[in-house]
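[1] what follows is a predicted protein model with its sequence.
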Amino acid sequence: MKQIISLLLFSLSSCLAVVAQRKQQVFFTDVNNFWVAYDSIRSTTDSLKQIQYIKKLYIDKGTPGLRAFMEVRAYTPQEWVSSIRQHPRFWDSIRPNTWRAKAAVRQIEPALKKLKKLYPALRPASIYFTIGALRSGGTVKDSLVLIGTELAIGTATTDVSEFSKNKSAFLTRHYKSEPSQNIVPLNIHEYVHTQEKASGSTLLGQALNEGVCDFVTECVTGKTMPLPYMTYGPKHEQELKEKFKAQLFSPYYGNWFYNQESDDPNHVPDLGYYMGYAICKTYYQQAKNKQQAIKELIELDFANSDATEAFLTKTHYYVEPINKAQLLQAYESNRPVVSSITPAIPSDGYLDANVKEIRVEFSRPMGPSRSLDLGPDAGGKTPVVGSTPFSADKKSFAYKVNLKPGQTYDLILMGFMEDGGFRSLDGYPLKPYRLTFKTK
């Protein structure tokens, strides 16, 4: 009898293990719910009702993936409604393509099995196809892969005519690459992210963080990531290596990553992905134990600068030794500074309240992005009411101000900002400049 009970228990545990292995990994519920909400939103022009519809029919019914996506990308009901109201032709054109995501499941699951073979320590993760507001094609949170289907699925016929010039240019390039054909590499790339420890704290760390995912994806699919940086990178690698080396240890990497929008028709975004990929591939090709190399790549602590610098040395990607102190010094010397303010702040710190414009001059030609923060003595108030374009030489612009008598103003021009910040044309962030004065 004991043998029979033991056999039954063994059989039950085996069945449960099989069920666990077959547990659903890919979810599309949010895509279905979005379009229900979309139809309701388009049925009325009442903005309050539209907000209610997106909340009730999409957000409130959302999967754990949608909730995580909203948290990671700070999506709001208002943002979705605004996008639907402003870009109806886009949403109508992308809608048929979003259903294609379901067909990708049959391709994703075999790829995940191959990934497991390459990296036996692979932890399970769930993949959620959601719909965002065009700010992320894919990201992760803990063990969740979060896909922005409106960016991940699309074709060259997608209507992007309603967007700004820069946004339209980016989306045109993006959809011409036929992202709907690349859904498996995207998912594998993001799945590998769920296995990693943390994002990078420097340009080198973040390049390795993303490059590992691209390289492992290539090992799984047998193909490089089908993105512009993978075409441009090999043809310009020597030039890129030197530029990358100069900024290796910078905590700012906005000119290497997540920089899709540009008014330059020849702009190639995300070249940091390629640099990380090239470093990882160099290491893998030298490794005698390939599976161990994959393990080391995935388990590298990207936030630990000592670990990433030691890894770079081990790869021999740069033949000559890296002089970190020298590179850091050169990097700081290349950062632009505010060279003058007009009118100049008098020695007593008081500025005439009748001043209507404050002109800022920089030491180097600047890119278009800006960021102004309030200093500790600002008291929550800013005198800035507008600004002028940059001068022809890109070295100055002016803030339009409305000054009031008897006030203290405290402003900080920022360089290190995720969503912008003052930067030179070649990508070096401004050294912060504090502009503080009182009015008579």
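    Arrived safely.
[2] for the most centrally placed residue in the chain, which non-adjacent residue is spatially closest?
    Most central in the chain under Cα atoms, centre = their mean is residue 258, positioned 4.4 Å from the mean C-alpha point. In space, not counting the residues next to it along the chain, residue 258 is nearest to residue 270; the distance is 7.0 Å by Cβ to Cβ, 6 or more residues apart in numbering. Every C-beta, even on glycine, is put in place using the N, C-alpha and C of the backbone.
[3] so where's this structure shaky on pLDDT?
    Across the chain, the ranges flagged by pLDDT under 70 are 1-24, 417-419.
[4] domains of it?
    Following automatic domain parsing, one gets these domains for the chain: 23-195, 200-334, 338-439.
[5] list the contacts for the closest residue to residue 165 other than its chain neighbours?
    Among residues not flanking residue 165 along the chain, residue 263 sits closest, at 6.6 Å (Cβ to Cβ, 6+ apart). Going by Cβ atoms under 8 Å, 6 or more residues apart in numbering, residue 263 touches 165, 166, 169, 368.
[6] thinking again about what came up before, neighbours around the residue nearest to residue 258, how many?
    18 (other Cβ atoms under 10 Å).
[7] tell me the contacts of it?
    227, 229, 256, 257, 258, 259, 260.
[8] just the buried subset of those residues, please.
    Buried members of the contacts of residue 270, scored by 16 or more other Cβ atoms under 10 Å, are 227, 229, 256, 257, 258, 259, 260.
[9] returning to that earlier point: A strand includes the residue nearest to the centre of the chain, no?
    No - secondary structure of residue 258 (DSSP: H, G, I helix; E, B strand; the rest coil): coil, not part of a strand.
[10] distance of it from residue 430?
    From residue 258 across to residue 430, the span is 19 Å (Cβ to Cβ, to the nearest Å).
[11] same question for residue 94.
    On the measure of Cβ to Cβ, residue 94 and residue 430 end up 37 Å apart.
[12] do residue 272 as well
    20 Å.
[13] same question for residue 297.
    Distance, residue 297 to residue 430, using Cβ to Cβ: 35 Å.
[14] can you check residue 169 too?
    Distance from residue 169 to residue 430, by Cβ to Cβ: 25 Å.
[15] neighbour count: these two, which is higher?
    residue 430 (24 against 19).
[16] next, that one: phi, psi?
    Taking degrees, to the nearest 10, you get phi -60, psi 140 for the backbone angles of residue 430.
[17] now swap in residue 435 and tell me
    phi -110, psi 110.
[18] not counting sequence-adjacent ones, nearest residue to it?
    Here the residue nearest residue 435, using Cβ to Cβ, 6+ apart, is residue 411, at 4.6 Å.
[19] using the three-state scheme, assign the one you found.
    strand.
[20] ok so, going back, element containing the residue nearest to residue 165?
    Using DSSP states H and E, residue 263 is not contained in any helix or strand.
[21] again, but for residue 251
    Here residue 251 is assigned to no helix or strand, by DSSP H and E.
[22] can you pull the buried residues of the strand or helix carrying residue 307?
    Using DSSP H and E, residue 307 falls within helix 305-315. Across helix 305-315, burial judged by 16+ other Cβ under 10 Å covers 305, 308, 309, 311, 312, 315.
[23] now swap in stretch 218-227 and tell me
    Neighbour-count burial for stretch 218-227 [16+ other Cβ under 10 Å]: 218, 219, 220, 221, 224, 225, 227.
[24] if we can go back for a sec, now the two most distant members of the contacts of residue 270.
    Using Cβ to Cβ, these reach their maximum pairwise distance at 227 and 256, which is 14.1 Å.
[25] which residue ranges of the stretch 51-200 of the chain form helices?
    Under the criterion DSSP state H, counting those that start in this stretch, helices of the stretch 51-200 of the chain are mapped to 64-73, 77-86, 88-98, 105-118, 149-152, 165-176, 183-193.
[26] now distance to residue 58 too, for these, in a markdown table please.
    Formatted as a markdown table, these follow (distance: least, Cβ to Cβ, whole Å):
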| stretch | distance to residue 58 |
| --- | --- |
| helix 64-73 | 8 |
| helix 77-86 | 7 |
| helix 88-98 | 13 |
| helix 105-118 | 22 |
| helix 149-152 | 13 |
| helix 165-176 | 22 |
| helix 183-193 | 22 |
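[27] among those helices, which is nearest residue 126?
    That would be helix 64-73 among those, by Cβ to Cβ, at 6.9 Å.
[28] and that closest one, what does it pack against?
    In terms of contacts (3 or more Cβ pairs under 8 Å, 6 or more residues apart in numbering; DSSP states H and E), helix 64-73 is packed against strand 126-130, strand 138-141, strand 144-148.
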